[in-house]
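Enquirer: coords please:
(chains A and B)
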Amino acid sequence: AQTVTQSQPEMSVQEAETVTLSCTYDTSESDYYLFWYKQPPSRQMILVIRQEAYKQQNATENRFSVNFQKAAKSFSLKISDSQLGDAAMYFCAYTRVSGNTPLVFGKGTRLSVIA
Amino acid sequence: KAGVTQTPRYLIKTRGQQVTLSCSPISGHRSVSWYQQTPGQGLQFLFEYFSETQRNKGNFPGRFSGRQFSNSRSEMNVSTLELGDSALYLCASSLGTSVSTDTQYFGPGTRLTVL
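Expert: Now for the predicted structure:
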């Protein structure tokens, strides 16, 4: 079974600094998608970024970028120029391309942003 | 376009009772997925409904059930509540074409407390 591991339960970052959240996963599939979701204190979860395993270029969305290392099964999220609004739970998630299998989530990393 | 709505937002029940939670997806979305979120286990997939049919099911006991109506609204039911069922229940809607490429939009959740 596929598993997603986020080894950092909590992290903090100073406003305007850069922080990297770690995620590793286990799969025997060759094609799959990886995601980072953000859940602010208000609880409505939103998609931050998506990466397809076959694409070598790391995905970027404004201040959010990923470092995807397929061989190492690692998928980290880098947040640049951190803002107070970035404070949230961040979840890494996985799904394979074949079949409509549900997302598998990691347990999350709580990010605090210090003014 | 209105987002995903969930009702009620908060619920307090006692052990042995049953509960029904409701989720209204974004207009045009045909897939609704349900997740249980707890601090210890993170997000765990319950089930997914697509066009009134259960398409995927997670590893939860039969006390957890759901259904989807012709307008894509979905309900989940938990019978014989246990203390361990206390959690935030999230639903997510999507077009339903592909889990990997469709964006899942989450609702604010229903906070269930079992006493």
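Enquirer: give the contact list for the residue nearest to the spatial centre of chain B.
Expert: With the centre of chain B defined as its mean C-alpha position, the nearest residue by C-alpha atoms, centre = their mean is residue B:34, 3.0 Å away. With contacts taken as C-beta atoms under 8 Å, 6 or more residues apart in numbering or on different chains, residue B:34 has the following neighbours: B:23, B:45, B:46, B:47, B:48, B:66, B:74, B:76, B:89, B:90, B:91, B:92. Backbone N, C-alpha and C define where each C-beta goes, glycine included.
Enquirer: the second one: how many residues sit nearby?
Expert: Other residues within reach of residue B:45 by the criterion other C-beta atoms under 10 Å in any protein chain shown amount to 20.
Enquirer: grab the nearest non-local neighbour of it.
Expert: Taking C-beta to C-beta, 6 or more residues apart in numbering or on different chains, and ignoring the residues beside it in sequence, residue B:45 has residue B:58 as its nearest neighbour in space, at 4.0 Å.
Enquirer: quick one: contacts for that neighbour?
Expert: Applying C-beta under 8 Å, 6+ apart as the definition, the contact partners of residue B:58 turn out to be A:102, B:44, B:45, B:46, B:47.
Enquirer: what does residue B:31 give?
Expert: Applying C-beta under 8 Å, 6+ apart to residue B:31 gives the contacts B:25, B:48, B:49, B:50, B:55, B:93, B:94, B:95, B:96, B:102.
Enquirer: the fourth one and residue B:25 touch, don't they?
Expert: Right, the one you point to is residue B:50. No. Under the criterion of C-beta atoms under 8 Å, residue B:50 makes no contact with residue B:25, lying 10.9 Å away.
Enquirer: who touches both of the two?
Expert: Shared contacts of residue B:50 and residue B:25 (C-beta under 8 Å, 6+ apart): B:31, B:32.
Enquirer: which bits of chain B sit near chain A?
Expert: B:3, B:33, B:35, B:41-45, B:48, B:50, B:55-56, B:58, B:88, B:90, B:92, B:98-101, B:103-104, B:106-109 (C-beta under 8 Å from any C-beta of the partner chain).
Enquirer: for the most centrally placed residue in chain A, list each beta-bridge partner.
Expert: Nearest to the mean C-alpha position of chain A, by C-alpha atoms, centre = their mean, lies residue A:36 at 3.2 Å. The bridge-partner assignment for residue A:36, based on DSSP bridges, gives residue A:49, residue A:92.
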